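A.B. asks: Provided below are the primary sequence and the corresponding predicted coordinates.
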Amino acid sequence: MTDAVAPPRVPTPRSLVLDLLSTLRRGSMPVRALVDAAALFGIAENSLRVSLARLHRAGLVVRDGRGRYALGPAASDVNRQVTSWRRRPARRRAWARA
């Protein structure tokens with residue numbers, strides 16, 4: 001039996017934008033930074049910009065000044081929920097048998 005290791009997951013342009021913007025506590029991120037990050041994963045600039053435009057139309061991201069984007073209200077609600085899921089393991093306590 002061999003130990004099969006799954007190849008790393010390459011993000012989609014959509015998931016990359018949402019993941020990066022979700023890391024911001026407040027404020028926005030320049031498009032240039034999103035494009036540069038996408039290039040690290042082999043995602044073309046045009047693909048990222050098309051995804052950004054679609055996310056904007058869907059209300060998942062909002063423009064925050066010229067060439068800057070932040071999570072929109074629709075994505076913020078989902079992001080809060082996911083963040084709470086990620087924190088659950090830290091809130092676990094050892095079970096004390098009675």
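C.D. replies: Right, received. Where do you want to start? Numbering: from 1, shown residues only.

A.B. asks: Flag the helix or strand of this structure with the lowest per-element mean pLDDT.
C.D. replies: Taking all helices and strands of the chain together, the one with the lowest average confidence (mean pLDDT, DSSP states H and E) is helix 73-91, at a mean of 67.

A.B. asks: Show me where the protein has its helices.
C.D. replies: Secondary structure of the chain (DSSP state H): helices located at 13-22, 31-40, 45-57, 73-91.

A.B. asks: The second one versus helix 45-57: what angle between them?
C.D. replies: Here helix 31-40 points in a direction 130 degrees away from that of helix 45-57 (axes from the mean of the first three to the mean of the last three Cα atoms, to 10 degrees).

A.B. asks: Could I get the CA-only coordinates of helix 31-40 as CSV?
C.D. replies: Taking only C-alpha atoms (Å, rounded to 0.1, in the frame of the first residue of the first chain), the coordinates of helix 31-40 have been written out as CSV:
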residue,chain,number,x,y,z
VAL,A,31,-7.0,45.0,-7.5
ARG,A,32,-3.3,44.9,-8.3
ALA,A,33,-2.7,42.8,-5.1
LEU,A,34,-5.4,40.4,-6.2
VAL,A,35,-4.0,40.1,-9.7
ASP,A,36,-0.5,39.5,-8.2
ALA,A,37,-1.8,36.8,-5.9
ALA,A,38,-3.7,35.2,-8.7
ALA,A,39,-0.5,35.0,-10.8
LEU,A,40,1.1,32.9,-8.1
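
A.B. asks: tell me which residues of that helix are tucked away?
C.D. replies: Of the residues in helix 31-40, those buried under the neighbour-count criterion (16 or more other Cβ atoms under 10 Å) are Val31, Leu34, Val35, Ala37, Ala38. Every residue, glycine included, has its C-beta placed from N, CA and C.

A.B. asks: The third one too?
C.D. replies: The neighbour-count check on helix 45-57 (16+ other Cβ under 10 Å) flags Leu48, Arg49, Ser51, Leu52, Leu55 as buried.
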